[in-house]
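Colleague: sequence? don't have it. structure:
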């Protein structure tokens, strides 16, 4: 085991220990913690979300984390099945249900609301651009086909407030309705 592997393995354990045990002691091969003082305990379970793409980390997410969070710009949808498979293997190795691990997707793009300032031509191809119907279809498909259950929308151009409002008041309710 090297120093990076030690850190990857102990961080989720340590975070959980600090939340449960007021003064945890941890002695790893490379790192030690003695008498860490946490703040007040949370009123509900707080998931540990991890952004990762490499096999060791994806399996570790399946073993210990509460969720995966990746970005569309860096992890296209055709890579999601392989990521999910490694997370599921890690979960099964740890005797966890793969359904316990949430899958999140950061979506950078633009919603064409029909308003002139949301119809910019020439938006870079790594961004998602389309109508409200397009976004509803995409999110529904990604949920159904790729296990993505959490979407973070980041508008990148045009009237960002209008797009956020459209995402929250039009896209999300329609996706929920389609999936129920």
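Modeller: Sure, I can see it. In this text, all values refer to a predicted model and were calculated from it rather than measured experimentally. Numbers count the residues shown, from 1 in each chain.

Colleague: now do stretch 106-115: everything it contacts.
Modeller: Around stretch 106-115, the neighbours that count as contacts under C-beta atoms under 8 Å, 6 or more residues apart in numbering are 69-73, 118-120, 123, 126-132, 134-135, 151-159, 162-163, 166-167, 171. To be clear about C-beta, it is placed using only N, CA and C from the backbone, and glycine gets the same treatment.

Colleague: list the buried residues for that stretch?
Modeller: 106-113 (16 or more other C-beta atoms under 10 Å).

Colleague: of those residues, which belong to strands?
Modeller: Of these, the ones assigned to strands by DSSP state E are 106-112.

Colleague: before we move on, back to that, now the contacts of stretch 106-115: which count as buried?
Modeller: 69-70, 72-73, 118, 123, 127-129, 132, 135, 151, 153-159, 163, 166-167, 171.

Colleague: would you turn the buried residues of stretch 106-115 into TSV with pLDDT and distance to residue 65?
Modeller: Converted to TSV, these look like this (pLDDT from 0 to 100; distance: C-beta to C-beta, whole Å):
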residue	pLDDT	distance to residue 65
106	96	16
107	95	21
108	94	23
109	92	26
110	92	31
111	93	30
112	88	35
113	84	35
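
Colleague: nearest the geometric middle of this protein, what residue?
Modeller: The structure's the chain has its C-alpha centroid closest to residue 69; by C-alpha atoms, centre = their mean the separation is 2.1 Å.

Colleague: hang on, that residue packs against residue 49?
Modeller: Yes: if you go by C-beta atoms under 8 Å, residue 69 and residue 49 touch, sitting 4.8 Å apart.

Colleague: packing partners for the helix or strand hosting residue 153?
Modeller: Taking DSSP states H and E as the definition, one finds residue 153 inside strand 150-155. Counting contacts by 3 or more C-beta pairs under 8 Å, 6 or more residues apart in numbering; DSSP states H and E, strand 150-155 is packed against strand 67-71, strand 102-112, helix 160-166.

Colleague: I'd like the next helix or strand past the second one.
Modeller: Toward the C-terminus, strand 102-112 is succeeded by strand 128-131 as the next helix or strand (DSSP H and E).

Colleague: paired strands for that following strand, with orientation please.
Modeller: strand 102-112 (parallel) (DSSP bridges).
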